[in-house]
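Peer 1: I would like to see how this sequence folds:
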Amino acid sequence: MSKVQELLKEAMKQGRKILTVQESKKILLQEGFPVNTTGFGTNLEEVLAEAKKIGFPIVLKVSSQDIIHKSDVGGVVTGIHNGEVLKEEFEKLRNSITQKKPDAQIEGYLIEKMESGIELLVGSTHDPMFGPILAFGLGGIYVEVLKDVVFRLIPIDREDATEMISEIKTAKILDGIRGQPPVDKISLVNLLMKTSSFIDQHPEIEELDINPVLATDKGVSVVDARIILKAVE
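Peer 2: Below is the predicted model of the structure:
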């Protein structure tokens, strides 16, 4: 049994459907996904130590199964450039969550290397009739507003992946605008192929949400992820 299967089975054994961001990113890293550098801490001291290991600037995020959209409760702070700022932002983040989501169970805090790029979404869901479906589109906080997403039945081939990238309404952004270089579409195609294969090999996964994926001319990076398992029958 692989480490990924062990992690999934352990969660199901505990009766958990929603994996933490930390668990989800760990699984994707094991599967060879291009996951960004991430640390984890349960208190300020541990967060500071992880930030120093990763190197500034960093992003600080809350980790909680009760908080799906972290930005809605002030659970994400970007562009932290040193330890003193991190201390201040850590307290602000905790206070914001206490006010906006007082009942949330906090597992800890994610510390990530600050990166930039075009925010995209890659994910999957399970349709009762058609089975697993792959999704690709514009990501970030605007995904629910713009709804610029296309779909394919899993498994896909390389031609499907290439077509998906060209079919979103904002596809021209990926070709480079206002002097920006075009994104590395080969890496993007490879990510869609890998996601399709991963879901195909793990039927116990109900949903996968990788959002955002940051795309640049140098490649792609998985910044945030969430795995939801099927209910144990």
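
Peer 1: what's the residue nearest to residue 219 when sequence neighbours are not counted in contact with, if anything?
Peer 2: Nearest residue to residue 219, sequence neighbours excluded (C-beta to C-beta, 6 or more residues apart in numbering): residue 187, at 4.4 Å. C-beta: built from backbone N, CA, C; applies to glycine. By C-beta atoms under 8 Å, 6 or more residues apart in numbering, the contact list for residue 187 reads 34, 215, 219-220.

Peer 1: Most neighbours among the residues you listed, which one is it?
Peer 2: Sorting those by how many neighbours each has (other C-beta atoms under 10 Å) puts residue 220 first, at 26 neighbours.

Peer 1: which secondary structure element contains it?
Peer 2: Taking DSSP states H and E as the criterion, residue 220 maps to strand 219-222.

Peer 1: In terms of secondary structure, what does that strand contact?
Peer 2: helix 185-201, strand 205-216 (3 or more C-beta pairs under 8 Å, 6 or more residues apart in numbering; DSSP states H and E).

Peer 1: Which of those sits closest to residue 97?
Peer 2: Closest to residue 97 of those is strand 205-216 (C-beta to C-beta; 20.3 Å).

Peer 1: re the thing from before, now the helices and strands packed on strand 219-222 in JSON lines, with distance to residue 122 and mean pLDDT?
Peer 2: Formatted as JSON lines, the helices and strands packed on strand 219-222 follow (distance: least, C-beta to C-beta, whole Å; pLDDT from 0 to 100):
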{"stretch": "helix 185-201", "distance to residue 122": "5", "mean pLDDT": "97"}
{"stretch": "strand 205-216", "distance to residue 122": "5", "mean pLDDT": "95"}
